[in-house]
Every structure is written in C-alpha cells, then in structure tokens.
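Provide a 3D model corresponding to the input given below.
(chains A and B)
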Amino acid sequence: MSTTASFSCVNVSLHVGRQTRRRVLVHALQWEVSAGERWVVLGPNGAGKSTVLAALAGVRRTEEGNILYSGAPLAALDVTAQATRRALVTDRWHDPFSASVMQTVLTARYRFGVDDGAAAAVASDALSLLDCAHLAGADVRTLSRGERQRVAIATALAQDTPVLLLDEPIAHQDPRHQALVLDALRAAPGRTVVASLHDVNAALRFATHALLLTGRGEWSAGPASEFLTAQRMSALFETRFVVWSGPGPAGSAQVLVQQSTDARHSPPL
Amino acid sequence: MLVVLAAAGVASVALSLMVGSVAVPWSEVIGALRGDRGDALAAIVLDLRLPRALSAFAVGALLALAGALLQALLRNPLADPYVLGISGGASVAALITLAAGATLWVMQLASAAGALLTLMLLVLLARRSLFSRDVLAGDDAASGVLLTGVMIAALTAALLSLLLALAPEGRLRSMVFWLLGDLAGATDKATAAIALVLLGVLLALACLFARRLNLILRGDVAAFTQGVDVERVRRVLVLVAALATGCAVTLAGAVGFVGFVAPHIMRRLVGNDQRLLLPAAALFGGALVVLADTIARTAAAPLQLPVGVLTALLGVPVFLWLLQHR
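As a prediction, this is how the structure comes out:
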C-alpha cells in the first residue's frame, strides 16, 4: 500500500436488487486514490455511481471486498472516526422543519464537540466559497434546489475532512454556479475529492482522474488524460462524442461535442 | 424562556390547588404545603388536589416529550405519542379490566403491561427498520417504524371499538371517559411521585441525545456521515417515547392532543433546536394538562369533564392562531 493512499477499494463488488432480480453494478473493483487527487465517477444512468459513493461513505455495505481508509477497513472504524475521514454530499436532503442555512451548515461541526470555537468562522467561509453568504439567515426550506445543493456542499466542506464525496454536485446548478462549484472543489489543496458528474466537459474541467462504470460490472480507472477521451466517452455512453478544438478565451479550447446518431434529432445549428 | 415556562408550570399547579368545589385561599395553600395539616382545607390540598395536579403535570409533560421526540425521529410533523399504537395497546388492556370491573390499580397495572407488550410487538415487527446495518436503506427506516406503528394503532382501534360494542351498559361510561383521558383516579401520592421521577429520568435521557437528534432531523445518511450513531440514538429514543407514552396512558388514559400540539406550539416559540425544544415542550405540555384538568373538574362541577376534551379545546385555538399569525 502506498503511503500517500487516501483510500482504496480491494476487490469491492456492489449489487442491487435481491435474488433473481439481482444485478451486479461493480465487480471486483481494485481502486487506489491518493491524497490530493480529484476523481470523477462517470457512467450512464443506473451504472452505480451513487452506490459507489454510498459504499465509500460507509452508508452502504459492500457485497464483497473491503474499503480501506489510510489502510484501515472502513467497516472497522466507529462512526466518529469515519466522520473525521470523509464527508458525503448526496442529492437527497430532508428539511421537515424550518431551520436557518447557518444552523444547517453548523450540523457538520458535530464531530468537533460542543466547544468548537472555529465553528462559526468555518461555516461562514464555506458559505462564502459557494456563493451562499447572503443566504446564511434564510430558512433552508425557502431555497431553490440549486441553492440548497450549494448549502449541502458548504456543509460537507465545513466538516473539514481529508476526503470529500459528492453525488452529482452540479446537477441543479446554473452555468455560472457549475463553474463556481467545480472551482471551489478544486481550491482545497491536499483534499481528495470524488464526484459523480454527467457532463463530460465539466469532468474535463474538474478531474485529475476518472472512474468509469458501465453498470454491468465492468469498470476502468485512471488519469483523466487517458480516460476522458472522445473514444472512451463514446463507448461508455453509447453515443458519439468528437473533439472540437478552436479559439477560446485563453488560447485554444478543447471540448467534447456529442454528435447525434440520428439525423432527425440533430439540432438546427 | 425555560424559566418562563417553569414559572407557568408552577402557576398552573398553584391555581389548581386553589380552585375547585371548595375554594382554598392562597394563604391556606402555602400553609398546607409547609406541613400545616390542621384543617380540612389542608387535607383537600395535600391529599386530593396536589397529587392530582402533579399527576396531570407529569402526564402532560410525558406526552409532550414523547410527541416532540417522535416528530423529530420520524421527521414527520404529524406524529404524536399515539401514532405508534403504544397507547392503543395500553387502552385495550385497560378497557378489558374496566369491562371486567377491576379495581383502579389492577387497571393501571394492565395498562402498563399492555403498553409494554405493544412496544415489544412494534420492535419485533419494525426490527428491520430499527436495527438496519445499512444506513442508506435506513434513510427510509423512519417511515418503516411509522407505518408499522400506524398499523398497530389501527388494530388496537378496532379492538377498542369491539370492546366498547360488547361492554356491559353500566361500565360503558367509565370506559369512554378513560379513552378520552381522565385524571379522576390519579389522586395517589405515590403514583404521582413515580410519574414525576420517571418524567425527570426520561427527559434527562432525551436531552442527552438532543444534539444528535438535531442532526437526525436532516436525514439518517447526513447524520451518520457527520458522526452520529443513528441506529443507537433511534433505538434509545423510540424506547424513551414509548415509555413516556405508556406511563402517561397508564396514569390518565389516552389524554389527546397535548402530545401533538405542545411540541408544535413550542417549536414556533423557541425554534427547533431539540436541546431547548424538548424541555420546553415538556414544561408547556405539563402546564397545559394541569390547566385543562382544573377546568375539567370545575367548569361543570360537580360534573367532571374528560380532560382530553379540554386539552383539545384549549390547544386547537392556540395552535390555529399561531398558524395564522406566523
């Protein structure tokens, strides 16, 4: 095991459904993530991106294999020890009763105990970083989905863990905030980030590495330069991507453009 | 705020000591509480009104505590102490003994046993939700416990209707009164003392978990990843809520509404931080039932009204007013 390993998956298999309806999402995943790397998890709908993130967070057991944080099996760590190592942003949040945005972010400081002097400052910084400072006093139940999602990300940042796991963190964001969220996730040096995304160009902008899931058990993982290519994306999503290069604001820009496989549905450009 | 509520609780008890079929002046009440047992007035205060007022306070506080806990645990503002069927089980057992013409303490014993048996049934049936090793699956555990509880409550409601239909004519009235909540039998000092001690223990236990409950409000997955042992907290607090409900129902029958409305009114006044909300709801619920019971036994004296009707008559307007104005 390398000393810089942030966490690793040893022979991890994940299934959904029971008995005859059982489906293998990920089979025998061998995956090592080093501190400071930013991984994107990509795959078609139902490929198991959320399931992998849930397993990494320890909120879902693995059908086979072990997840190790700094060499220690996750299942053997108690709930407090887990909370010091990783934070999770899901796409489901519960707000049954009204509460302020600030109170919501402060829940992440639970692990620091009752006399946590830094709590207010850390929470404010996290909110500012995600362009939510102006919402601090607002009721979480009055927020839009995009705002609520950024508050959830700020909450995870305030937990101050070396590993950050995010399930579709830009799903509800407008274009400006998509960039803002991805930049905020890149900004923390030394922090390991794993995020599932649907936008391959957002993935290019954000990730140093990629984990690709087909949903049929197969997986592949490696550096972004090798795995976020038009060829790989075309195969993964079963739709054709081509590289488009041209002048951009900072020299030349390169993006992946999806080509419709059916001429009738091609956009009128 | 808690000081104000505690003062309101004391004031409601004091009021209930003074008013009744025989009005007792304030000076006599103080005298009696100081141990001056000289006259009949002192006997009325110490032997009849004080145990009943303290029982009423314990009942209201226990129900409000149970309601506040369940609303938070189940993440459902519609939850109340009776939603899990615990009180239904206690009521079935109590009504069977009432129909058979048993004495008060047999009825209370049966009611406590009924509450415990129903709790055991709930834990058994909802074990997969309560003891889930999988937090992600457990995010819906709250609804698993709730649905099981609602089904048990439905079953006990059917049994109660059956009992009322089959009950001998002469005992029907006392059975209906008990179902509506009735403190007429709660004049035993030892029982009142036990109820107050139990209230103290359960409230203290609940407050120990209040900070964790604040996190569980935002979902099991969120709370777990932030370092809360969700499974253990839920198990302990469901038990606390069930014991509180069982104790209250044993003492005074199914006093309605206070367990639902007291947490809601307090949530609007003190906010939703469980560290403050749990004791506030308990104090307010206690004061509300003492006040309701005082009115219940004086408004139409010598007739005694069921206290459960009064809690709703007092609580509904207050809650509706708060809904309109905030």
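
Kindly indicate whether the closest residue to A:Thr107 other than its chain neighbours is helix, strand or coil.
The shortest distance from A:Thr107 to any non-neighbouring residue, by CB to CB, 6 or more residues apart in numbering or on different chains, is to B:Leu215 (5.1 Å). Any C-beta I mention is one placed from the backbone N, CA and C, and that applies to glycine too. B:Leu215 carries the three-state label helix when classified by DSSP: H, G, I helix; E, B strand; the rest coil.

got the contact list for B:Leu215?
Applying CB atoms under 8 Å, 6 or more residues apart in numbering or on different chains, we find B:Leu215 in contact with A:Thr107, A:Tyr110, B:Ala222, B:Ala223, B:Gln226, B:Val228.

For the third one, give its distance to chain A.
Taking CB to the nearest CB, to the nearest Å as the measure, B:Ala222 falls 7 Å from chain A.

Give me the distance from the host helix or strand of that residue to the chain's centre.
Following DSSP states H and E, one finds B:Ala222 within helix B:220-225. Distance of helix B:220-225 from its chain centroid, counting by CA atoms, centre = their mean, to the nearest Å, is 29 Å.

coming back round to it: identify, from the contacts of B:Leu215, the entry nearest to B:Ala58.
Nearest to B:Ala58 among the contacts of B:Leu215, counting by CB to CB, is B:Val228 at 29.9 Å.

Could you look up the SS state of the residue nearest to B:Val290 when sequence neighbours are not counted?
Spatial nearest neighbour of B:Val290, chain neighbours left out: B:Ser12 (4.1 Å); criterion: CB to CB, 6+ apart. Under three-state DSSP, the three-state class of B:Ser12 is helix.

got a list of what B:Ser12 touches?
B:Ala53, B:Phe57, B:Gly286, B:Ala287, B:Val290, B:Leu291, B:Thr294.

helix/strand/coil for the third one?
Assigned by three-state DSSP, the conformation of B:Gly286 is helix.

was I right about it contacting B:Val10?
No. Between B:Gly286 and B:Val10 there is no contact under CB atoms under 8 Å: 10.2 Å.

Which one's more surrounded, those two?
A count of neighbours by other CB atoms under 10 Å in any protein chain shown puts B:Gly286 above the other of B:Gly286 and B:Val10, at 32 against 14.

Any idea how many residues pack against residue 119?
In the absence of a named chain, chain A is used. By other CB under 10 Å, neighbour count at A:Ala119 equals 18.

That was the other one, I meant chain B.
Neighbours around B:Leu119, by other CB under 10 Å: 23.

a strand runs through it, doesn't it?
No. B:Leu119: not assigned to a strand; according to three-state DSSP it is helix.

Give me the spatial nearest neighbour of it, chain neighbours excluded.
B:Ala242 (4.4 Å).

Show me what residue of chain A gets nearest to chain B.
A:Ala83 (3.1 Å; CB to the nearest CB).

How about the secondary structure of the residue of the stretch 101-250 of chain B found nearest chain A?
Relative to chain A, the nearest point of the stretch 101-250 of chain B is B:Gly227 (3.1 Å; CB to the nearest CB). Following three-state DSSP, the label given to B:Gly227 is coil.

same question, B:Arg75
Applying three-state DSSP: B:Arg75 is coil.

circling back: in terms of helices and strands, where is the residue of chain A closest to chain B?
A:Ala83 belongs to helix A:79-85, assigned by DSSP H and E.

now do B:Leu69
With DSSP H and E as the criterion, B:Leu69 is inside helix B:50-73.

Which elements pack onto that helix?
Identification of packing neighbours for helix B:50-73 by 3 or more CB pairs under 8 Å, 6 or more residues apart in numbering or on different chains; DSSP states H and E yields helix B:2-18, helix B:189-208, helix B:210-216, helix B:230-252, helix B:258-270, helix B:274-298.

which one of the ones you listed is the most hemmed in?
helix B:274-298 (a mean of 26; mean count of other CB atoms under 10 Å in any protein chain shown).

starting at the chain centroid, how far to that one?
With CA atoms, centre = their mean as the basis, the mean position of helix B:274-298 lies at 9 Å from the chain mean.

Compute the mean per-residue pLDDT across it, please.
Helix B:274-298 shows a mean pLDDT of 92.

is any part of the helix or strand following it close to chain A?
Toward the C-terminal end, the helix or strand that comes next after helix B:274-298 (DSSP H and E) is helix B:307-325. No. If you take CB under 8 Å from any CB of the partner chain as the test, helix B:307-325 misses chain A, and the best it gets is 13.4 Å.

How far off centre is helix B:307-325?
16 Å.

Just the angle for that helix relative to helix B:50-73, thanks.
Counting by axes from the mean of the first three to the mean of the last three CA atoms, to 10 degrees, helix B:307-325 lies at 50 degrees to helix B:50-73.

which residues touch helix B:307-325?
B:56, B:60, B:180-183, B:252-258, B:261-262, B:264-265, B:268, B:288-289, B:291-293, B:295-296.

May I see the buried residues of that helix?
For helix B:307-325, burial by neighbour count (16 or more other CB atoms under 10 Å in any protein chain shown) applies to B:Val307, B:Gly308, B:Val309, B:Leu310, B:Thr311, B:Ala312, B:Leu314, B:Gly315, B:Phe319.

where's the second one relative to B:Ala287, distance?
Going back to what we said before, that points to B:Gly308. According to CB to CB, to the nearest Å, B:Gly308 stands 16 Å off from B:Ala287.

so what's the residue of chain A closest to chain B closest to, chain neighbours aside?
B:Gly227 (3.1 Å).

what helix or strand does the spatially most central residue of chain A sit in?
Centroid check for chain A by CA atoms, centre = their mean gives A:Ala195 as the closest residue, at 1.7 Å. Per DSSP H and E: A:Ala195 is located in strand A:192-196.

Sweet, I'm off.
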